[in-house]
Every structure is written in C-alpha cells, then in structure tokens.
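> missing the sequence, but the structure's below:
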C-alpha cells in the first residue's frame, strides 16, 4: 500500500492537475497514481512523435496498444484514439498517424500531449474495478464484469470504501457471473487474491484523496497469474462536499432519551378549538395517559383543556424536555429561538411548508437556530411521534397504545398511518412510531442509535426515501444489528444521477444498486414492499434465532410442499438433506402412501396425532434448525386443533430450552385465519392462504442471524 512518500507524490500531482483547470487525469498521470498505490498496470511510455512511438514499441517488445493522451478527450475509444495489437515499426507509424487524425476530426480544439504506447496485456477475463462518490454514502468501490459487457450486463456490486481484504474477496462472489471467475468449461480460475488486492487498493486511494470523484479501471484483465488494469481513468471533483454536523454517540443518546422518555412536554400552538392540530396533540397527550407534565403554550389563552396556558415557552416553569410545534411554518423560527433560550433539548416540528414546498431557506434558518442553541429537530412536516412505553402520543393522528417490541419509523405521513393501521389490525405491540418528514436534523442514524440501546425495542423497521448521511446510518446499523434486526423499506428504485457520470463505474452506480449492496453490507434486511416491511417487523421478534441452516418442511399437502420448497430457494434458505436414520424415524409416523425426504408429506387425511408426532420429532432432533409447516383444512384435523397442538408442542420444547423458528402456511376455509392469529400470538409465525409469506419471514430471520454472526 502507498507509503507517505507515494501519497505525497499523488497529492502534488492532483494539485497540479487542479491548478491547470482540469478535472480528468491523463493516462500517464493515471499510471503515476497506479504505481504509487501498487495498482498493476502494463508497461507504457508517452510518445510525443512518431519516432518516439517506434522506439518505445521496440523497447516494450511484441504487440502494443496505442492510445491518445489528451486532457480534453475523456472517452478515447469514442474519438478513435485507440489502436490495439500493433506490431512492427510500419504498423506503429500508421497507427500513430491514424489516432492523431481521428482525434483532430473528433475534437478539433483538443489539446494533444502525445500517444501512449502500452504493452498488450495477455488475454484473460475482463472485469471492471472502480470507485465513485455516491451522494448518500460517499466513497463507494465497485466490481463487475468489464470490457464491452459492463454496459450490456450491468453485473456489478458495490461496497463502502475502504474495504478490508475479506470485503474485497466477498465482492468477487457477489456478482451474477461469479462462477466465471472460478473457471468454467475447462478455463482456469483467475488469481482471486490479485483481483481482490486491486479492489482494496483502489478503495484506499479514494479514501486517502476525497477530491478524487471517480476511478475507473476498465478493463482489468484477470488471469491465473495476476490482474492488470489495461486502462485507468481518474476524475476529480468539481467542488468540495459540504460536511454535515456530526454528533457523538453519547450526545445522541442523551438528547434521544429526553425525546423518547420526556418528563415534561410543551405544546406550542396548543388550542381549545376542536379540529386544530394544537387541540389534537393536547388531547392525545392527555387522553393517552402521559404521566409527565404537559404545558400548553398560546399567547391568546389562559387555560387549554383544563391546564394553565403560557404566553411563551420561556414562561413555562422548570425544565422542559420536548417542545411540540403546532403553529404555521412562518412562525416556527421565532418560537424556536425561545425554545433555544429555554434550553429545551428537542423540538418536534409538525408544520409543513418548508423544503418540501420549496421553502429551503426557511428550513435552513430553523436548522441554524437549532444548531446554535443545541436543540435537536424532529421534522418538519411530520405527524408527530408515539413512545408507547411512556404512554406518550405526541401527534395529531389517531392514538395507539399497544406496547411491544417493534419500533417503526417513516419519512412519509401517509406511510406512517399505514403503519398505525397495520399495527392495530394485527395487534402488533410497538415501542415507538416516529415520523421523520424532511429530516432537517434528526434522522435514521439517530433513531437507530437510540433503538439499539432501548430495552423495550426488539426490532426496528424503517421506511425511508433517502438517507442524509449513508455512512452514519451504516455505522449505527453495524452497531445495532448484532443485538437486534433492522428492516428497511427503501422507496425510489430509479437513478437520475447516473446520466451525467463521466465513467463506466459512475454510470452503473445507480442509487438503488448502491443502496441494495451497502444495506446488505451493513446487515440490514431490505423489504421489497410496505406489507413485507410490516410483516417482517411483526414476525422477527416472535421467531427465535436459528442455530444452523437445516430447514425441514412438514406438510399435509403435496402441492403446498412444492410451493414451500420454491419459497425456500427464493429466500436463500437450505432444505436439509434428511439422513437415513431421521428418514426412517419420520416414516414411522406417516402412512405408506405419504412421503418422507424433504418436504415430508404426511398426507391430508391424517389425524392430529400424526401432525403432533412429526412436529415433535422435528423439534427434538438437533440436526434440524427450523421447521416450515404446511397445513390444509380437513374435518379430521380442524384448523384450531392443528393450531393448538402446534403451539403446545413448540412451547413444551421452549420450556425445555429447545428453541427453533417455526413458521406455518395454512390453507382452508376462513377458520384458518383465526388459527393463524392463535399461532402468531404463541410464537409460531403463521399466515393463511399463502406459502410465500411465512417462508419470507423465516428468510428475513435467517438474513439477520447471518449478519449478527449467530449461525454456527
């Protein structure tokens, strides 16, 4: 890796490029950077005329590649500025002249420094290694199939830079064509260590020099004996990235504790008039049973809902933890000044009319006020928040008071209400529901830091449209995932930013592709839709963590068994290969026309005793790590009979210290709905009329268990 002397050489080079008014390094300059960081590139020389080109080609030996060197020509091939496989003096002379003529025709005013004469790299697998500055995550390193395939297949994976050696190696296995790198149809495997080293060195380069916007090694020729970058392109940023104000972990926890566990709340804009937001917030706080102090603030009232009203928040006696704003946007700044002077830790900004309506300056003003006084801002443009274990309902929406272990957040008010309705209809116990809105200050990483430590929270589910600081989110997620799962619904799967990218890497770094890989890198479970996010959040606290990969399906219907098997594969799970002794043990309980193996088909006409015996065996055998049950409605074994026996057996084993995740798919008449609810309440994740949902929930639990390092 680059030493201090090498880094200083690169620093001076980049400064000289900037001083010349350029943002793109030439190929010879790129080679200087590559050599400094040990990025393998072919031997090459710069030829300023034909005779130099001939001499350099002779010295390099064999066939060579000629490439234009111009600070004004970024895409050399498009300009006709590349000729491959040139050998012999006459051919070198002809290629040199042709390149110059092509570039003159393509860009008449382009400055030409000469022609690069480069050794022709032996054939191998073409891949791309690059780095890009993502607006959310900062420096991101990329790897995928290269050459002409890069635009066609878009088979590429991303990680936060810098990457460790292990993370770099993981990238080789994360592309769809990973098998090609291992060698197929008699072709030898590539040098994986050399390839991973190229990735790691590029990631370190862009970490050391934030002013580098993009790096593109394309193609990198990967062969059994090494990996060489045939072309390197480096682009510099046109402007410095504005640093976001950072808060330390203890600062975050201190302010979040006062927000989520307040002893005193002031409502600015409290009202006696029904239908006003200030009235709804007051009613929810009072009717919800909040035991702390509630102080209405309204300059035109003496009493609101039986409580003394204050003209200004500065008149409120004692210490206040949270100020909830229920006033129009144009009055927020002046009221926030008073909140700051009062020393209130948190402002919950319900009003809309800020950046979401184009009033960015107004939002910037309140952020500046908050920073000046040390007031953390939740919102603006939110529905408020619920902290159920404190009996706190600081919102103008419907109240919710079912306490539990799920913390739910949303950037959208509409999604927030969908969360509320789902929680009510499914009786999901929540620790908090928080609206984030414009995220002018407090955002997902603050909430993750708090919920990660909150003893009432077992699972965190977040709807988000963007992240203000992707790296802060990843840092908070990595600290939280070993303790509890995080489920994210990321809205917006398209990228507009890639259009203006100056490199292959940049063009492929679509928002969703980067989010997908980096959320996975952080150990976050990404939900494909709103219902999945909510169902995962409800199911994950119910299921114990699996201890291994062996999943067994026990079903009363062969058709369900096939669909459940498909769902197992779709969710990245492994059907256990049943050993002979276990196969014989299952066969002892099922009729001759049933089927052991996996799925284990006990057939539909069996009595409750067959279900119980096979489920009991599945729970008892330590080689089985998770059970997927398929039930279909018969009069022989009615739905509630199945539900009761299953719950009883599972609880019996849990009482003995044997915990395994058990999920169930129930098909039948409407009675199966009640049976599923019964099972869910007793620790078995069960769904009617679907084979996909229970296995998806199990798959989410497995993804978290792997990320948390719990699988043995």
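Everything's here; your move. All values reported here derive from a predicted model rather than from experimental measurement.

> From residue 160, how far out is the residue sitting nearest the centre point of the chain?
What sits nearest the mean C-alpha location of the chain, by CA atoms, centre = their mean, is residue 519, with 2.1 Å. Relative to residue 160, residue 519 is positioned 11 Å away (CB to CB, to the nearest Å). In short, each C-beta sits where N, CA and C put it, glycine included.

> ok, back up a step: what residues of the host helix or strand of the residue nearest to the centre of the chain count as buried?
Assessed by DSSP states H and E, residue 519 sits inside helix 511-521. The neighbour-count check on helix 511-521 (16 or more other CB atoms under 10 Å) flags 511, 513, 514, 515, 516, 517, 518, 519, 520, 521 as buried.

> And for stretch 367-381?
367, 369, 370, 373, 375, 376, 377, 378, 379, 380, 381.

> so what's the residue lying closest to the third one once chain neighbours are set aside up against?
By that I understand residue 370. Closest residue in space to residue 370, ignoring its immediate chain neighbours: residue 377 at 4.7 Å, by CB to CB, 6 or more residues apart in numbering. Listed by CB atoms under 8 Å, 6 or more residues apart in numbering, the contact set of residue 377 reads 346, 347, 349, 366, 367, 370, 440, 441, 442.

> What is the subsequent helix or strand relative to the helix or strand where residue 377 lies?
Using DSSP H and E, residue 377 sits within strand 376-378. Next along the chain after strand 376-378, taking DSSP H and E as the criterion, comes strand 384-387.

> Can you report how many residues lie near the closest residue to residue 26 other than its chain neighbours?
Excluding its sequence neighbours, the residue lying closest to residue 26 (CB to CB, 6+ apart) is residue 69, at 5.1 Å. With neighbours defined by other CB atoms under 10 Å, the count for residue 69 comes to 22.

> Quick check: phi and psi on residue 69?
For residue 69, the backbone dihedrals (degrees, to the nearest 10) come out as phi -120, psi 110.

> for it, what are its contacts?
26, 27, 28, 46, 112, 113, 114, 115, 116.

> pLDDT wise, what is it at?
Residue 69 is assigned 93 on the pLDDT scale.

> Give the bridge partners for it, please.
On the basis of DSSP bridges, residue 69 is bridged to residue 114.

> Now do the shared contacts for residue 519 and residue 160.
Overlap of the contact sets of residue 519 and residue 160 (by CB under 8 Å, 6+ apart) is empty.

> In a markdown table: the buried residues of stretch 367-381, plus pLDDT.
Below are the buried residues of stretch 367-381 laid out as a markdown table (pLDDT from 0 to 100):
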| residue | pLDDT |
| --- | --- |
| 367 | 97 |
| 369 | 98 |
| 370 | 97 |
| 373 | 97 |
| 375 | 98 |
| 376 | 98 |
| 377 | 98 |
| 378 | 98 |
| 379 | 96 |
| 380 | 97 |
| 381 | 96 |
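
> Between all of the residues you listed, which two are at the greatest distance?
Every pair in the buried residues of stretch 367-381 was compared (CB to CB); the two farthest apart turn out to be 373 and 381, at 21.1 Å.

> Remind me what the strand or helix carrying residue 52 packs against, helices and strands.
Assigned by DSSP H and E, residue 52 falls within helix 50-60. With contacts taken as 3 or more CB pairs under 8 Å, 6 or more residues apart in numbering; DSSP states H and E, helix 50-60 sits against strand 44-47, strand 64-69, helix 89-106, strand 114-119.

> Quick check on residue 400: phi, psi?
Dihedral angles (degrees, to the nearest 10) for residue 400: phi -150, psi 130.

> How much space separates it from residue 515?
29 Å.

> next one: residue 15
Look at residue 15 and residue 515: by CB to CB, they are 34 Å apart.

> do the same with residue 61
Residue 61 is 47 Å from residue 515, by CB to CB.

> now do residue 359
Counting by CB to CB - residue 359 and residue 515 are separated by 28 Å.

> repeat for residue 146
23 Å.

> Ok, residue 209 next?
25 Å.

> ditto for residue 67
35 Å.

> Next: residue 437.
Residue 437 sits 20 Å away from residue 515, going by CB to CB.

> do residue 113 as well
Taking CB to CB, one finds residue 113 at 39 Å from residue 515.

> Against which helices or strands is whichever strand or helix holds residue 193 packed?
Using DSSP H and E, residue 193 falls within helix 192-208. Taking 3+ CB pairs under 8 Å, 6+ apart as contact, the helices and strands that helix 192-208 lies on are helix 4-19, strand 125-134, strand 138-145, helix 165-172, strand 212-223, strand 226-229.

> How about that helix, which residues are buried there?
Buried, per 16+ other CB under 10 Å, within helix 192-208: 192, 194-208.

> Now do that helix, average pLDDT.
97.

> Which parts of the stretch 451-600 of the chain are strands?
Assignment of strands within the stretch 451-600 of the chain using DSSP state E, counting those that start in this stretch yields the ranges 459-464, 486-490, 525-526, 550-555, 574-575, 600-601.

> which residues sit against the third one?
The list of residues contacting strand 525-526 from outside it, by CB under 8 Å, 6+ apart, reads 485-490, 515-516, 519-520, 536, 700, 703-704.

> can you do 6 Å?
Contact with strand 525-526 is made by 487, 488, 519, 700, 703, 704, as judged by CB atoms under 6 Å, 6 or more residues apart in numbering.

> From the rest of the structure, what touches the helix holding residue 52?
Contacts for helix 50-60 (CB under 6 Å, 6+ apart): 43, 45, 47, 64, 89, 92, 93, 96, 115, 117, 119.

> That helix - what's its average pLDDT?
94.

> just stretch 699-706 next, same as before
What stretch 699-706 shows for mean pLDDT is 97.

> now stretch 116-132
91.

> tell me which residues form a beta bridge with residue 139?
The partner residues for residue 139, given DSSP bridges, come to residue 133.

> Please report the number of neighbouring residues for it.
Residues contacting residue 139 under the criterion other CB under 10 Å number 22.

> Report the separation between it and residue 197.
For residue 139 relative to residue 197 (CB to CB), the value is 18 Å.

> Repeat that for residue 578.
Residue 578 is 43 Å from residue 197, by CB to CB.

> burial of the closest residue to residue 237 other than its chain neighbours, as a residue count?
The shortest distance from residue 237 to any non-neighbouring residue, by CB to CB, 6+ apart, is to residue 213 (4.1 Å). Per other CB under 10 Å, the neighbour tally for residue 213 reads 23.

> repeat for residue 181
Other residues within reach of residue 181, judged by other CB under 10 Å, total 19.

> tell me which residues of the helix or strand containing it are tucked away?
Using DSSP H and E, residue 181 falls within helix 178-182. For helix 178-182, burial by neighbour count (16+ other CB under 10 Å) applies to 180, 181.

> How far does that helix sit from its chain's centre?
Centroid separation for helix 178-182 versus its chain: 26 Å, with CA atoms, centre = their mean, to the nearest Å.

> ditto for stretch 243-257
With CA atoms, centre = their mean as the basis, stretch 243-257 stands 21 Å off its chain's centre.

> can you list contacts of it?
With CB under 6 Å, 6+ apart as the criterion, stretch 243-257 contacts 345, 376, 446, 449, 450, 469.

> ok, so what distance separates the closest residue to the second one other than its chain neighbours from residue 188?
Okay, so that is residue 376. Spatial nearest neighbour of residue 376, chain neighbours left out: residue 255 (4.7 Å); criterion: CB to CB, 6+ apart. Distance, residue 255 to residue 188, by CB to CB: 57 Å.

> These two: which has the busier surroundings?
For residue 255 and residue 188, the more surrounded residue by other CB under 10 Å is residue 255, and the numbers stand at 20 against 12.

> tell me the mean pLDDT for the helix or strand hosting the more buried one?
Assigned by DSSP H and E, residue 255 belongs to helix 249-260. Averaging pLDDT along helix 249-260 gives 97.

> how far away is the residue of the chain positioned farthest from its centre from residue 53?
Distance from the C-alpha centroid of the chain peaks at residue 90, with 55.3 Å (CA atoms, centre = their mean). As defined by CB to CB, residue 90 lies at a distance of 12 Å from residue 53.

> what's across from residue 685 in the sheet?
residue 663.
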